[in-house]
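# Quick one, structure for this:
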Amino acid sequence: MTKTKHIGIVAVSAEGAALCYRTICSEGVALLGPHGHPEVTMHTYSLSEYMEHLEAGRWEAAAQRLLASARKLVQVGAEILICPDNTVHRALDVIRTASPAPWLHIAEEVAAVARARQFSRLAILGTRYLMESPVYAAKLGPRGIEHEIPEPTVREAIDAIIFDELVGGRIEDASRRYVCRAIAELADRGCDAVVLGCTEIPLLISDADSPLPVLDSTRILARAALREATRD
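From the prediction side, this is the model:
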């Protein structure tokens, strides 16, 4: 089997991390042959620990959780690190340079795909923390890509769908319709694609559902990790 780098997944929420892991394993076949994928190790602290820090605005404390996970993964051989959770990338920026192994940044990977597909104005969906943070703005702006987020009441409703339903694996048709309407409103504001910037939103919305082309951040990150792990 082709020599590959060991991927470490710093997980935060279970459903999104599982989707990222499954994508690495299932799409690894195209690069490595039947049943092939790189070595993968995952570690996560309880989501409740992260939520406690996020709700209190303690991004430095959340960053230290990420760093602690990274160190555990590197101890067992991980050579590349990814975190399939958009929201905590605000904390990742705090500790990225102190990490014992290199990280792939989910917003950087999404921005690269958006530019390659020549999108110019992205709708950003995710948790309230993510939509109101600089995580995507900081990566899209330098590439000449503009972005929009929903109105405050819509942000609150999408945040509730994520934490009350998707994080627990609950998929509701009414929520799918609501998110599709939110995407349509952002299309009316000039967006030409939508970033599914919560790791779990791809469980709810697909290209077939969305009024705009979809940039699935979870799968984009998984594919970037596969490319890096199989790079000569």
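# hey, let's count contacts and neighbours off CA atoms from now on
Noted.
# Give me the buried stretch members for the lowest-mean-pLDDT helix or strand in the chain, please.
The weakest-scoring helix or strand in the chain, judged by mean pLDDT, DSSP states H and E, is helix 89-95 (a mean of 92). Counting neighbours by 16 or more other Cα atoms under 10 Å, one finds that the buried residues in helix 89-95 are His89, Arg90, Ala91, Leu92, Val94.
# what sits up against it?
Helix 89-95 is contacted by residues 59-60, 62-64, 66-67, 83, 105-106, 133-135 when judged by Cα atoms under 8 Å, 6 or more residues apart in numbering.
# same question, stretch 36-44
Counting by Cα under 8 Å, 6+ apart, 4-12, 21, 24-29, 31, 69, 72-73, 78, 226, 229-230 sit against stretch 36-44.
# quick one: low-confidence ranges for this structure?
1 (pLDDT under 70).
# can you give me the strands for it?
All strands of the chain, identified by DSSP state E, fall at 7-11, 40-44, 80-82, 121-125, 146-148, 193-196, 214-216.
# angle of the first one against strand 40-44?
Read that as strand 7-11. 20 degrees (axes from the mean of the first three to the mean of the last three Cα atoms, to 10 degrees).
# Pull the distance from the lengthiest helix in the chain to the chain's centre.
Ranked by number of residues, the top helix in the chain under DSSP state H is helix 14-32. Distance, stretch centre to chain centre, for helix 14-32: 13 Å (Cα atoms, centre = their mean, to the nearest Å).
# Ile106 versus Leu186, what's the distance?
22 Å (Cα to Cα, to the nearest Å).
# now Gln118
18 Å.
# quick one, which of these two is more surrounded?
Taking other Cα atoms under 10 Å, Gln118 and Ile106 do not tie; Ile106 has more neighbours (26 against 12).
# With adjacent residues omitted, what lies nearest to the more buried one?
Among residues not flanking Ile106 along the chain, Leu221 sits closest, at 5.6 Å (Cα to Cα, 6 or more residues apart in numbering).
# In contact with the one you found, which residues?
Applying Cα under 8 Å, 6+ apart, the residues contacting Leu221 are Cys20, Ile82, Pro84, Leu104, His105, Ile106, Glu109, Val110.
# Looking at those, which is nearest Cys198?
Pro84 (8.7 Å; Cα to Cα).
# ok, so what distance separates the closest one from Ala91?
In terms of Cα to Cα, Pro84 sits 13 Å off from Ala91.
# do the same with Glu52
In terms of Cα to Cα, Glu52 sits 14 Å off from Ala91.
# which residue packs closest to Ser133, ignoring adjacent ones?
Ser133 sits nearest to Arg90 (Cα to Cα, 6+ apart), 7.4 Å away.
# repeat for Cys83
Val10 (4.8 Å).
# show me what contacts the residue nearest to Glu200 when sequence neighbours are not counted?
Counting by Cα to Cα, 6+ apart, Glu200 lies nearest to Gly16, which is 4.8 Å off, once chain neighbours are set aside. Counting by Cα under 8 Å, 6+ apart, Gly16 makes contact with Pro84, Asp85, Val167, Thr199, Glu200, Thr218.
# okay, now the nearest residue to the last one once chain neighbours are set aside: neighbour count?
It stands for Thr218. Among residues not flanking Thr218 along the chain, Thr199 sits closest, at 5.4 Å (Cα to Cα, 6+ apart). Neighbour count of Thr199, defined by other Cα under 10 Å: 30.
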